[in-house]
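>>> With the sequence up front, the predicted model follows.
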Amino acid sequence: MPSRSGLRWKAAALRTLHRWHGTAVSAHPATIMIPALYNLMPGESVALGWLTEIDAMVAMRQRMNCAARITGWDVFTFHTLHNADHFFDTTIGAVRDTWVKEGNLSPVAVQEAKRRFSQPHAYHRVHARLVENLVFQSSLLDWVSSHASDSPLRFHVVGTALLSALASAHSISFAAAVESATKIGMRWDEALRNKGNGKTEDEIGWCEFSEVQRLMEGSSTLSLAVTREDLPTPDAPSRPFWYSPTVDSEPTLITTAQEAATALGTLNIASWSYVPTKPVANVEEPIRGWLVSGLHPMARLCRWSLSNYLLATPASVTLFLDHIAALGRKPMLAATVDPFQNRLRLSRMKVTGP
């Protein structure tokens, strides 16, 4: 968790960098990087405090209900069913009980999620991970956008995070995004299960789990594309954003419906790999915040760095928006002085002065 004083110190350091190399600190607004998946392990969104941030919680709850009506199972139950840190079991239980009593969580959907995903290897069922990620990631994008209305930001999404970005930018409806994520994920699930050499359901499940895990760690070259019939028809996004099919791909700006449709056609499970094969360029993005959980492999880019920030919690995002993203509000020009111009001004003062 970054401290307020630490972020202020970094902001002050960024403002004075031009003294060292004589150029502007930033010619571009701060960039929010959104990898393909927000979290790596179950229960991270709960552990990081997003369900105690009222604005984010309301959006998540609404989208959980929408997703449950389409899929028949509950995203919150899937997200917390195999939570490895039992310190948060009390919070998870309290949230679930409260939502059930309020009528915001269907007991039928909860039981269906437990039936489908009761085995630990089921956490890497691709269609469920896509829907889970869509709920949390699109909600966080909305939260960041609403809290950064006075700060110039640009968003850069990678791979399957495109569905979250399009839903957040009102290019597609959230319901359409859920339906598409389910169809895409089901096809990828089927391909992975057919690829495994297990005989029992448990063996097939663990084969799929291991394959997805290797992909995330960068030790697999798995590539599964999408089918056009599984994709939604997008409108032009209300907020343009940058998109890269994989972490190594060059970004393209998505501003029109055609560009959004073309980007959807490039979706591939390969974007779940979090190990770049080349250094992440930082020329056009001098200040970046990574909207990922603390256990996400991309979080390592944020350690001991002046220009990369881990946006894992509501508090860290707020500090980033208040002290770092605000640096881009006005161009910071280098304080360079031309001695010749100074001499010219002095000579004019001597001639025209009293």
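Sure, I can see it.
>>> need the helices for the chain, in chain order.
4-15, 18-21, 44-47, 54-71, 75-80, 89-102, 107-116, 126-147, 161-168, 174-195, 201-217, 257-264, 314-323, 339-352 (DSSP state H).
>>> Could you list which residues are in contact with residue 207?
By CB atoms under 8 Å, 6 or more residues apart in numbering, residue 207 lies in contact with 192-193, 195-198. For every residue, glycine as well, the C-beta is placed using N, CA and C.
>>> any idea which of these has the most stuff around it?
Using other CB atoms under 10 Å as the neighbour test, the contacts of residue 207 are led by residue 192, with 23 neighbours.
>>> Tell me the pLDDT of that residue.
In this model, residue 192 is scored at 92, pLDDT.
>>> Repeat that for residue 334.
For residue 334, pLDDT reads 43.
>>> ok, now residue 220?
On the pLDDT scale, residue 220 gets 85.
>>> Return the backbone torsion pair for it.
phi -130, psi 150 (degrees, to the nearest 10).
>>> and the contacts of residue 207 as TSV, adding distance to residue 257?
Formatted as TSV, these follow (distance: CB to CB, whole Å):
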residue	distance to residue 257
192	32
193	35
195	35
196	38
197	43
198	43
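>>> of all those residues, which comes closest to residue 117?
residue 193 (14.8 Å; CB to CB).
>>> if we can go back for a sec, I'd like to know which of the helices of the chain lies nearest to residue 239.
helix 126-147 (7.0 Å).
>>> Which strands or helices does that closest one pack on?
strand 30-34, helix 54-71, helix 75-80, strand 153-158, helix 161-168, helix 174-195, helix 201-217, helix 314-323 (3 or more CB pairs under 8 Å, 6 or more residues apart in numbering; DSSP states H and E).
>>> Can you check which of those gets nearest to residue 241?
strand 153-158 (4.1 Å).
>>> Return the most buried member of the helices and strands packed on helix 126-147.
Most buried of the helices and strands packed on helix 126-147, by mean neighbour count (mean count of other CB atoms under 10 Å): helix 161-168, with a mean of 28.
>>> Mind exporting the C-alpha coordinates of it to CSV?
Extracted C-alpha coordinates of helix 161-168, given in CSV (Å, rounded to 0.1, in the frame of the first residue of the first chain):
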residue,chain,number,x,y,z
ALA,A,161,-9.9,-7.0,-21.3
LEU,A,162,-11.3,-5.5,-24.5
LEU,A,163,-14.8,-6.8,-23.5
SER,A,164,-14.6,-4.9,-20.2
ALA,A,165,-13.4,-1.7,-22.0
LEU,A,166,-16.2,-1.9,-24.6
ALA,A,167,-18.8,-2.5,-21.9
SER,A,168,-17.5,0.4,-19.8
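>>> For that helix, what does the pLDDT average out to?
pLDDT averaged over helix 161-168 gives 97.
>>> which residues are in contact with that helix?
34-37, 130, 133-134, 137-138, 141-142, 145, 155, 157, 172-174, 177, 180-181, 232, 234, 237, 239, 241, 243, 254, 260, 263-264, 267, 271.
>>> List only those of those residues flagged as buried.
In the contacts of helix 161-168, burial by neighbour count holds for 34-37, 130, 133-134, 137-138, 141-142, 145, 155, 157, 172, 174, 177, 180-181, 232, 234, 237, 239, 241, 243, 254, 260, 263-264, 267, 271, counting by 16 or more other CB atoms under 10 Å.
>>> how far away is residue 130 from residue 100?
Distance, residue 130 to residue 100, by CB to CB, to the nearest Å: 25 Å.
>>> Below-threshold pLDDT in this structure: ranges please.
1-28, 276-285, 303-305, 328-354 (pLDDT under 70).
>>> one more time with 50, if that's ok
17-27, 282-283, 330-354 (pLDDT under 50).
>>> Report the central residue of it.
residue 34 (3.1 Å; CA atoms, centre = their mean).
>>> What about the closest residue to residue 204 other than its chain neighbours? Give its phi and psi, please.
Spatially, and ignoring its direct neighbours in sequence, residue 204 is nearest to residue 198 (4.1 Å; CB to CB, 6 or more residues apart in numbering). The phi/psi pair for residue 198 (degrees, to the nearest 10) reads phi -80, psi 160.
>>> What spatial separation is found between residue 198 and residue 128?
In this view, residue 198 and residue 128 are 19 Å apart by CB to CB.
>>> now do residue 290
Residue 290 is 24 Å from residue 128, by CB to CB.
>>> One more: residue 244?
Distance from residue 244 to residue 128, by CB to CB: 24 Å.
>>> Residue 229 now?
21 Å.
>>> Report the beta-bridge partners for the residue nearest to the centre of the chain.
residue 157 (DSSP bridges).
>>> who's in contact with it?
Residues near residue 34 by CB under 8 Å, 6+ apart: 137, 141, 155-158, 161, 164-165, 291-292.
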